[in-house]
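**Q** Below is the sequence, then the predicted model.
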Amino acid sequence: MEFNIVVEPASAWSADAVIFFAFKGSEEFLPGFSKWITTQADWVAGSPGLTDFTGELGSTTVIYGSSTSIQRVMIVGLGDKNEFGIEQFSQAVSSAFCKCRELKFRIVGAPLSAFEGIVLEDMHEHFVAAAMSGLYSYDEFKTKKEDNAALPEVVKMLTDAEPSETFIEAIHKGQTVGEAVSYARDLVNSPPNIANPVFLAEEAKKLAKKYGFKFKAMKRKEIIDKGMGAYASVFKGSIDEPRLITLEYCPKGREGDKPLVLVGKGVTFDTGGISLKPSGHIEDMKCDMAGAAAIFGFFHALGELNPDLPVVGILPCADNMPDGLATRPGEVVTSFSGKTIEILNTDAEGRLLLCDALAYSKQFEPAAIIDLATLTGGCIVAFGWNVAAVMDNSPKLENIIIESGMRVGERFWPMPLWDIYKEELKSDVADLKNIGSREGMTIHAGMFLKEFVPENVPWAHLDIAGPAWRKKKTATLTAGGTGFGVRTLIEIISRIDLEDI
């Protein structure tokens, strides 16, 4: 789908449908819509479709007319104006483009005047990204593919004045964001017999070649020889080869500067190992690499946006399988940091590969570290499916993450990492055990990871277990991976000052 900026008077507009917006319960339509009806489309004013329209969030009403250039008008509900924000706007836009696909509109017009009266920062960027999200589907392995003839081919951003450079940049960024999120979703939705660690390493290699990133992928022997015993304990039972992937981006003139380091959990399938997951919790476990996928999506955007900030991605990837070589509960391993870990539950595997990756990050001299992981079911119990947890050692970094997420419609909420929780991780036979009690399990996971963060480095752990995956299709999202975290990371790089965290 292309987004084209078209500069022409309203009388010359042409499209299968043009989109306008309206709030629920408003006595008047938004200024741009009212003006356009009066001056260009009086046939809309007399349509009973206007009285049918409720303005409920995500609702759509299509009005058919006799005009040869504009054949239909779609009015999209924004919901209650007092509750309106980026999440509501994105939902409304996604719903609108789902309707466009249903009705097989090929050319869709989005007049800039349609946005008059909507107070929302970066509105046009959000519009483009949400439109792409609404049209997303994954049919790679279906014999009957999605009918591309039903998808909008062109979205015309219609204006009667020369657009500003800021507007042009917003459209470009929106497309970049939309593509990055879709890429992350594709990776999560790919079946585990395809998207294994070797596959992900090849994807990283492609990104590196396309955008000039530095790339490395450690294999099984090198990971073990490095002394990453915690990480190795995860892949011992898997026939699929592990890969520790690193991607490095450094803009010109920033060589030698300390980077932002991103660490993503890349468990491409998680059976739980010997601590086998029960039925009903195992079939979706290809999603356990959603943290790594978010960083893949972010690097896809990084190559297009070229921010003035050095970034390193570390992606420990592995399968967690229960064969005769698999790690047994009760085993003790030595981590990359030198600390010993008693593994009491092999289904608490994400923290084992992450802890070695966090310790390994020290060699990059990070200015700050953010890790993303579908780490604990306890996070879903605490926050539900729409909110991620943030745990950290830096209030400034925490604020940047929460504020960045709110600006793009991704919610994060803090959990404490108080020393009183460390008692739960004490082992009788090793330095640490990999689980605490069921109560407070998400915090115990964060406390465990904190033990491996390089000293005096600002760090935040994002548990995205809930919002990274949708069990069922919703009005605006297909079932499967959501790409959660990609937009927040992109927003963070535009806001963070690595020298002031």
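**A** Structure received.
**Q** Paired strands for the lengthiest strand in the chain, with orientation please.
**A** In the chain, assigned by DSSP state E, the strand with the most residues is strand 311-320. Strands adjacent to strand 311-320 in the sheet, as given by DSSP bridges, are strand 243-249 (antiparallel), strand 260-264 (parallel), strand 266-270 (parallel).
**Q** State the next helix or strand along the chain beyond it.
**A** strand 331-334 (DSSP states H and E).
**Q** how near is D431 to A204?
**A** From D431 across to A204, the span is 32 Å (C-beta to C-beta, to the nearest Å). (Each C-beta comes from the backbone N, C-alpha and C, glycine too.)
**Q** just to revisit the earlier point, out of the strands paired with strand 311-320, flag the one nearest K426.
**A** strand 260-264 (24.9 Å; C-beta to C-beta).
**Q** Quick check: mean pLDDT of the closest one?
**A** For strand 260-264, mean pLDDT is 98.
**Q** Need the residues that contact it.
**A** With C-beta atoms under 8 Å, 6 or more residues apart in numbering as the test, strand 260-264 has contacts from 289, 291-296, 298, 309-316, 354, 357-358, 361, 364, 366-373, 489, 492-493, 496, 498.
**Q** So which of the residues you listed are in strands?
**A** Per DSSP E, those map to strands at 311-316, 368-373.
**Q** Name the member of those with the most neighbours.
**A** Highest neighbour count within the ones in strands among the contacts of strand 260-264, by other C-beta atoms under 10 Å: P316, with 33 neighbours.
**Q** re the thing from before, take the strands paired with strand 311-320 and lay them out in TSV including distance to M415 and mean neighbour count.
**A** Output for these, formatted as TSV (distance: least, C-beta to C-beta, whole Å; neighbours: other C-beta atoms under 10 Å):
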stretch	distance to M415	mean neighbour count
strand 243-249	28	24
strand 260-264	18	28
strand 266-270	22	28
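**Q** Out of those, flag the one nearest A15.
**A** Closest among these, using C-beta to C-beta: strand 243-249, at 38.7 Å.
**Q** hmm, who's touching that closest one?
**A** Taking C-beta under 8 Å, 6+ apart as the rule, strand 243-249 contacts 197-198, 200-201, 204, 207-208, 211, 213-219, 222-223, 228, 231, 259, 266, 292, 295, 299, 302-303, 310-317, 357, 360, 364.
**Q** Please pick the buried ones from the residues you listed.
**A** Using 16 or more other C-beta atoms under 10 Å as the burial test, the contacts of strand 243-249 include 197-198, 200-201, 204, 207-208, 213, 215, 217-218, 223, 228, 231, 259, 266, 292, 295, 299, 302-303, 310-317, 357, 360, 364 as buried.
**Q** For S67, give me the pLDDT.
**A** Looking at S67, the pLDDT reads 65.
**Q** Now do the helices in the stretch 1-150 of the chain.
**A** 31-40, 42-45, 49-52, 86-102, 123-134 (DSSP state H, counting those that start in this stretch).
**Q** Could you do the stretch 401-501 of the chain as well?
**A** 441-450, 486-495.
**Q** which of the residues in the last one are buried?
**A** What that stands for is helix 486-495. In helix 486-495, counting by 16+ other C-beta under 10 Å, buried: 486-493.
**Q** Please save the CA atoms from that helix in CSV.
**A** Provided in CSV are the C-alpha atoms of helix 486-495 (Å, rounded to 0.1, in the frame of the first residue of the first chain):
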residue,chain,number,x,y,z
VAL,A,486,8.5,-1.7,18.4
ARG,A,487,6.8,1.7,18.5
THR,A,488,8.0,2.5,22.0
LEU,A,489,11.6,1.7,21.1
ILE,A,490,11.4,4.0,18.1
GLU,A,491,9.9,6.7,20.2
ILE,A,492,12.6,6.3,22.9
ILE,A,493,15.4,7.0,20.5
SER,A,494,13.9,10.4,19.6
ARG,A,495,13.6,11.3,23.3
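**Q** shaky segments in the stretch 151-300 of the chain?
**A** Within the stretch 151-300 of the chain, no range satisfies pLDDT under 70.
**Q** any idea how far the closest residue to K214 other than its chain neighbours is from A184?
**A** Residue nearest to K214 in three dimensions, not counting chain neighbours: E248, with 3.8 Å by C-beta to C-beta, 6 or more residues apart in numbering. Distance of E248 to A184, computed by C-beta to C-beta: 19 Å.
**Q** likewise V267?
**A** 16 Å.
**Q** And for F167?
**A** Distance from F167 to A184, by C-beta to C-beta: 26 Å.
**Q** Give me the more crowded residue out of the two.
**A** Using other C-beta under 10 Å as the criterion, F167 and A184 rank with A184 on top: 28 against 16.
**Q** For E56, which of the strands paired with strand 311-320 is the nearest?
**A** Of those, nearest to E56 by C-beta to C-beta is strand 260-264, at 37.4 Å.
**Q** angle of the closest one against strand 368-373?
**A** Relative orientation of strand 260-264 versus strand 368-373 (axes from the mean of the first three to the mean of the last three C-alpha atoms, to 10 degrees): 10 degrees.
**Q** and strand 260-264, how far from the chain's centre?
**A** 14 Å (C-alpha atoms, centre = their mean, to the nearest Å).
**Q** do the same with stretch 433-451
**A** 24 Å.
**Q** can you give me the end-to-end distance of that stretch?
**A** Across stretch 433-451, the terminal residues are separated by 12 Å (C-alpha to C-alpha, to the nearest Å).
**Q** What lies in contact with that stretch?
**A** Defining contact as C-beta under 8 Å, 6+ apart, one finds that stretch 433-451 is touched by 337, 339, 341-345, 348, 350-352, 354-355, 358, 371, 375-379, 382, 389, 391, 393, 415-417, 421-422, 424-427, 432, 459, 461, 463.
**Q** Quick one: buried ones out of those?
**A** 337, 339, 341-343, 348, 350-352, 354-355, 358, 371, 375-376, 378-379, 382, 389, 391, 393, 415, 417, 421-422, 424-425, 432, 459, 461, 463.
**Q** Take those residues and keep only those in strands.
**A** 341-343, 371, 389, 391, 432, 459, 461, 463.
**Q** Now do the helices in the stretch 151-300 of the chain.
**A** Going by DSSP H, counting those that start in this stretch, the stretch 151-300 of the chain shows helices at 165-189, 197-211, 220-225, 229-235, 290-305.
**Q** packing partners for the shortest one?
**A** Using 3 or more C-beta pairs under 8 Å, 6 or more residues apart in numbering; DSSP states H and E as the contact criterion, the neighbours of helix 220-225 among helices and strands are helix 229-235.
**Q** Just the CA trace of the helix it packs on, in PDB.
**A** Extracted in PDB, the C-alpha atoms of helix 229-235 (Å, rounded to 0.1, in the frame of the first residue of the first chain):
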ATOM      1  CA  GLY A 229      26.300 -21.800  31.200                       C
ATOM      2  CA  ALA A 230      22.900 -20.300  32.000                       C
ATOM      3  CA  TYR A 231      22.100 -19.700  28.300                       C
ATOM      4  CA  ALA A 232      23.500 -23.100  27.400                       C
ATOM      5  CA  SER A 233      21.200 -24.800  29.900                       C
ATOM      6  CA  VAL A 234      18.200 -23.700  27.900                       C
ATOM      7  CA  PHE A 235      19.200 -25.200  24.500                       C
END
